[in-house]
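Asker: for reference, the sequence and a predicted model appear below.
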Amino acid sequence: MLAIIGGTGLTQLTNLKITHRQVMRTPYGEPSGPVTFGTINQHEVMFLARHGYGHTIPPHEVNYRANLWALRDQGAKRIIAATSVGGIRADLIPGTLVVPDQIIDYTYGRDFTYFDGKDRPVTHIDFTRPYNEQMRQQILAAVNRAGEACVDGGVHAVTQGPRLETAAEVNRLERDGADMVGMTGMPEASLAKELGLAYATIAVVVNSAAGRGDSRDRVPLETIGVVMSPAMERVRNILEHAVEQDGD
Ligand code: HPA
């Protein structure tokens, strides 16, 4: 089944006909909230709000391990994660949708692996292509069918937050090759990979990154909501098409 992880601005899928909610416990603690099950145009899907349904869990306190474990436990095989980002590359202006194809991880102090514990053999995963290409293509096809536009590919930097970056930090991210910056893409993507889940992201640019565009002197936090609401409406529409195209 397909699971959708909703980020900031997407704590609910209004087009989801809810059948039930499942409160979960995992070996890693509790997920951000109950897993919501339902259908979109008769296609089954499950949904989890990354920051909790009341949007109370900051990026560095999300229990990513419990979230992904819970979704897999309930039968998810594929995951589309929605996330908001700041645009670093000049063309990634607020309101742009991006399906990134690479990640650089700047987070720290998060519970980032299932492969810890002294009694286990050392386990490495390949993370050359952090996102599942089939899922990326599924999102891109859904974007087309929804009559929307998005940028195909881009490097997603993930910072620790919850503060935004300094202008110098954004310059460094750009020198590193990053096109956009968010706070929740990791360890979500690598944990999904560790669990063998096919995972990809649709990112919504909600502001120009610090020091860029109209964030030259400060990031105008008050306008983020104004950009986010219509953009997330477009994401909901895209997700509806993605669910319809989904396999089993
Ligand atoms: N930086 C980091 N995370 C973000 C941003 C940003 O500018 N905008 C939305 N999430």
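Answerer: Received it, and whenever you're ready, just let me know what you need. Numbering: from 1, shown residues only.
Asker: now do the contacts for the single nearest residue of the chain relative to the ligand.
Answerer: Residue nearest to the ligand within the chain: G86 (2.2 Å; CB to the nearest ligand atom). No exception for glycine: its C-beta is placed from N, CA and C like everyone else's. Contacts for G86 (CB atoms under 8 Å, 6 or more residues apart in numbering) come out as 164-165, 170, 180-182, 205-210, 212, 215, 219.
Asker: give me the subset of these that also touch the ligand.
Answerer: Restricting the contacts of G86 to those near the ligand by CB under 6 Å from any ligand atom leaves L164, E165, V181, G182, V206, N207, A209.
Asker: so for T123, what's the pLDDT?
Answerer: For T123, the pLDDT comes out at 87.
Asker: any residues touching the lengthiest helix in the chain, and which ones?
Answerer: For the chain, the helix that runs over the most residues, judged by DSSP state H, is helix 221-244. Helix 221-244 has contacts (CB under 8 Å, 6+ apart) with 2, 4, 8-10, 13-15, 40-41, 43, 45, 80, 82, 84, 94-95, 97, 138-139, 141-143, 145-146, 148, 202, 204-207.
Asker: close to the ligand: what parts of the protein are there?
Answerer: S84, V85, G86, T159, L164, E165, V181, G182, M183, V206, N207, A209.
Asker: the last one touches A90, doesn't it?
Answerer: No: the pair formed by A209 and A90 falls short of the contact definition of CB atoms under 8 Å, at 10.8 Å.
Asker: which of these two has more residues huddled nearby?
Answerer: A count of neighbours by other CB atoms under 10 Å puts A209 above the other of A209 and A90, at 28 against 10.
Asker: low-confidence stretches in the chain?
Answerer: Where the chain drops to pLDDT under 70, the residues are 247-248.
Asker: one more time with 80
Answerer: 11-12, 14, 117-119, 247-248 (pLDDT under 80).
Asker: the strands in it, which residues?
Answerer: Using DSSP state E, the strands found in the chain span residues 2-6, 17-22, 35-40, 43-49, 78-87, 97-99, 102-105, 151-152, 155-158, 180-182, 198-208.
Asker: need those strands in TSV with distance to D126, can you?
Answerer: Below are those laid out as TSV (distance: least, CB to CB, whole Å):
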stretch	distance to D126
strand 2-6	22
strand 17-22	32
strand 35-40	28
strand 43-49	26
strand 78-87	18
strand 97-99	21
strand 102-105	14
strand 151-152	22
strand 155-158	18
strand 180-182	23
strand 198-208	14
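Asker: over to the residue in the chain sticking out farthest from the centre: give its phi and psi.
Answerer: Distance from the C-alpha centroid of the chain peaks at D119, with 31.6 Å (CA atoms, centre = their mean). When read as degrees, to the nearest 10, the backbone of D119 gives phi -90, psi 10.
Asker: okay, how far is it across stretch 38-56, tip to tip?
Answerer: One end of stretch 38-56 to the other measures 23 Å (CA to CA, to the nearest Å).
Asker: in space, what's closest to T159 - neighbours in sequence excluded?
Answerer: Counting by CB to CB, 6 or more residues apart in numbering, Y106 is the residue found nearest to T159 once chain neighbours are left out, at 4.8 Å.
Asker: and for H51?
Answerer: I57 is the one closest to H51 (CB to CB, 6+ apart), at 4.7 Å.
Asker: contacts only, for that neighbour.
Answerer: Contacts of I57 (CB under 8 Å, 6+ apart): S32, R50, H51.
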